[in-house]
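Peer 1: Please find the sequence and the predicted model below.
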Amino acid sequence: QVRLVESGGGLVQAGGSLRLSCAVSGRTFSSYAMGWFRQIPGKERESVASISRSASTTYYPDSVKGRFTISRDNANNRVYLQMNSLKPEDTAVYYCAAVFSRSASAAYGSKNSYDSWGQGTQVTVSS
């Protein structure tokens with residue numbers, strides 16, 4: 001398994017932007033597919049973006065498509081989530097996740113695919 005540490009959360013006004021970062025340590029980062037998820041208390045954890053090992057494949061649910069962008073820096077063991085045009089309904093705790101992947105092009109949108117998680121970072125969007 002790997003260790004994941006998120007950063008970059010905070011308070012932003014609606015329409016604003018934030019960039020989340022996830023630092024990964026413990027294994028060969030380039031062997032892992034990565035994902036970002038979010039969770040509101042009392043609700044299921046949901047995917048907001050995922051990216052393959054090679055960064056050739058990305059996945060976004062309709063709720064964030066066109067506003068969020070996931071990227072990775074395999075040289076520096078980091079994955080990022082650029083969030084633009086933020087809405088109050090984007091308010092949640094955001095989690096970074098990792099899974100070892102034999103496929104260089106597979107991105108995983110289900111939380112059940114991942115076995116390593118960060119501690120989360122709070123994002124609050126005010127109206």
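Peer 2: All right, it came through fine. Residues are numbered from 1 along each chain as shown.
Peer 1: When you work out contacts or count neighbours from here on, use the C-alpha atoms and nothing else.
Peer 2: OK.
Peer 1: What pLDDT is listed against Gly26?
Peer 2: As predicted, Gly26 sits at a pLDDT of 82.
Peer 1: Next up, phi/psi of the nearest residue to it once chain neighbours are set aside, please.
Peer 2: Nearest residue to Gly26, sequence neighbours excluded (Cα to Cα, 6 or more residues apart in numbering): Val2, at 4.8 Å. Note on Val2: backbone dihedrals following degrees, to the nearest 10 are phi -120, psi 160.
Peer 1: who are the neighbours in contact with Val2?
Peer 2: Counting by Cα atoms under 8 Å, 6 or more residues apart in numbering, Val2 makes contact with 24-27, 98, 116.
Peer 1: From those residues, list the buried ones, please.
Peer 2: 24, 98 (16 or more other Cα atoms under 10 Å).
Peer 1: Out of the contacts of Val2, the closest to Gly35 would be?
Peer 2: When those are compared for distance to Gly35 (Cα to Cα), Ala98 wins out at 6.4 Å.
Peer 1: quick one: what helix or strand has the closest one in it?
Peer 2: Secondary structure assignment for Ala98, by DSSP states H and E: strand 92-100.
Peer 1: in its sheet, what does that strand sit against?
Peer 2: strand 32-39 (antiparallel), strand 116-117 (antiparallel), strand 121-126 (antiparallel) (DSSP bridges).
Peer 1: Now render those strands as a markdown table, adding mean pLDDT.
Peer 2: Output for the strands paired with strand 92-100, formatted as a markdown table (pLDDT from 0 to 100):
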| stretch | mean pLDDT |
| --- | --- |
| strand 32-39 | 98 |
| strand 116-117 | 97 |
| strand 121-126 | 98 |
